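**Q** Attaching a predicted model along with its sequence, questions to come.
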Amino acid sequence: MRIYSITSDDEFQEYAEICFQDEHQEAILEAWLDNNPGKIIEDGGLLIIGRQVTTNLGGFIDLLAVDRQGDLVVIELKRDRTPRDTLAQVLEYASFGERLGYERLEDILRSYSGNEAANLAQYHRECFALAADEAVVFNNDQRIVIVGQRITPEIRQTSAFLRNKGVRITCIEFTFFRANGGLRLLSTNIVVGSESDAITRVSSASLPQTTEAGFIASLDQNGKQVFGRLLEFARANAFPVHWGQKGFSLNVDLQGTHVPFCFCYPPDSVFHQSVYTALVGRGGLLSKVDMPDDEMQSLLAHARDSGLFQPAGREVKYLITGPLAEDRMAWLLSWLTEAARAIQNHGLKVQSDSQA
């Protein structure tokens, strides 16, 4: 493929095709795909849930994702391996992925996002803007995507054979160009496949964490008002703040164990500009604090009845879409104080010897 730009003199100026490895490490392409999940397949975006995911056989999956239907997608970059090694590896990874239950997938997402209370079903629903009546079964099927600057004839032929036998495999070839002035272009082409058509705990590499300055800069004026006060509230009460990929959590320190009681997200996250409670989901109060269920439900009911929060799965959320009056801000801080005191009053759950 040859690509040209048209100059002001109506002349063609060719972009120089270069070998990707000459200027970049494979991790760069992996990061590009990670940051552009909607450009990997043709039939819609992907929700990336893991990167460099370890398998039970000691391998590392470059990227792990789920599609709109909830099917698992194994994305592998073709390196300098033989075609046999490449195909054997992706099939091994897919066989590993087939055995992952919902909880293991959620564990991978939590490790990847840095949010130990992330809910995969809710994250997926908001990522794809699913309607209330759209049901999803996670990992009902698996897909394989091989990405490389050159997909060899052996890989193409064998992948086409596997597709004919029902294995959902796609091969994507990319071409890298550079023009004068440093402009870079990446062209992709699907060369195989038309995209119309129980494991122990695993780990995933974490994404870079945001900073307070970066988080504040991403907010609109309404978000700056609310989150500025929440951060002041945390500092005044010595509540630890944990920064994740996009947002942060407010925590209570119980003898060195930090228990989150709310999560805060910027406008460009799948949760939009919002404050989520952390009462019932794993990683929050329910999993760590010895609090009676009726008191937990009372906290949730208090938030729901305020008119500020709205249902969000098992939790409730406050979507920040306008300015918050001072009396409503005072109520929000009061509720957060109530939740933090409940954590402090009840303390950590006592583990039995079998749980320790």
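**A** Done, it's in. Numbering: from 1, shown residues only.

**Q** Next, count neighbours for the residue lying closest to residue 120 once chain neighbours are set aside.
**A** Nearest non-adjacent residue to residue 120, counting by CB to CB, 6 or more residues apart in numbering: residue 106, 4.3 Å away. For the C-beta atoms, the positions are set from N, CA and C on the backbone; glycine is no exception. Per other CB atoms under 10 Å, the neighbour tally for residue 106 reads 20.

**Q** if I look at residue 106, how far off is residue 330?
**A** As judged by CB to CB, to the nearest Å, residue 106 and residue 330 stand 35 Å apart.

**Q** Strands of the stretch 51-200 of the chain, start to end?
**A** Using DSSP state E, counting those that start in this stretch, the strands of the stretch 51-200 of the chain run over residues 60-66, 72-77, 142-148, 168-178, 184-192.

**Q** Distance to residue 271, mean neighbour count and mean pLDDT added to those strands, as JSON lines?
**A** Listed next are those as JSON lines, based on distance: least, CB to CB, whole Å; neighbours: other CB atoms under 10 Å; pLDDT from 0 to 100:
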{"stretch": "strand 60-66", "distance to residue 271": "17", "mean neighbour count": "23", "mean pLDDT": "93"}
{"stretch": "strand 72-77", "distance to residue 271": "22", "mean neighbour count": "23", "mean pLDDT": "91"}
{"stretch": "strand 142-148", "distance to residue 271": "26", "mean neighbour count": "23", "mean pLDDT": "89"}
{"stretch": "strand 168-178", "distance to residue 271": "30", "mean neighbour count": "20", "mean pLDDT": "80"}
{"stretch": "strand 184-192", "distance to residue 271": "29", "mean neighbour count": "14", "mean pLDDT": "70"}
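
**Q** which residues of this structure score low on pLDDT?
**A** Along the chain, segments meeting pLDDT under 70 span 1-29, 32, 36, 38-44, 80, 132, 176-188, 194-207, 281-287, 350-356.

**Q** for it, which residue is closest to the average position?
**A** residue 49 (4.7 Å; CA atoms, centre = their mean).

**Q** Of all the residues in the host helix or strand of it, which ones are buried?
**A** Following DSSP states H and E, one finds residue 49 within strand 47-54. Buried residues in strand 47-54, counted by 16 or more other CB atoms under 10 Å: 47-54.

**Q** and of those residues, the nearest to residue 171?
**A** Checking those against residue 171 by CB to CB gives residue 48 as the nearest, at 19.4 Å.

**Q** what pairs with the closest one across the strands?
**A** residue 65 (DSSP bridges).

**Q** residue ranges for the helices of this structure, please.
**A** 20-23, 26-35, 83-98, 102-113, 120-127, 153-164, 212-217, 221-237, 285-288, 293-305, 326-346 (DSSP state H).

**Q** Most tightly packed of the ones you listed?
**A** Compared across the helices of the chain, helix 102-113 shows the largest average neighbour count, a mean of 20 (mean count of other CB atoms under 10 Å).

**Q** roughly how far out does that helix sit from the chain middle?
**A** Computed by CA atoms, centre = their mean, to the nearest Å, the chain-centroid distance of helix 102-113 equals 9 Å.

**Q** just stretch 93-103 next, same as before
**A** In terms of CA atoms, centre = their mean, the gap separating the centre of stretch 93-103 from the centre of its chain is 17 Å.

**Q** Next up, the contacts around the residue nearest to the centre of the chain.
**A** Contact analysis of residue 49 by CB atoms under 8 Å, 6 or more residues apart in numbering lists 64-66, 105, 108-109, 112, 120, 204.

**Q** Pick out whichever of those residues sits closest to residue 217.
**A** Nearest to residue 217 among the contacts of residue 49, with distances taken as CB to CB, is residue 112, at 23.5 Å.

**Q** looking at it, the closest one is touching residue 61, isn't it?
**A** No - if you go by CB atoms under 8 Å, residue 112 and residue 61 don't touch, sitting 11.5 Å apart.

**Q** which residues are common contacts for the two?
**A** Common neighbours of residue 112 and residue 61 (CB under 8 Å, 6+ apart) are residue 50.
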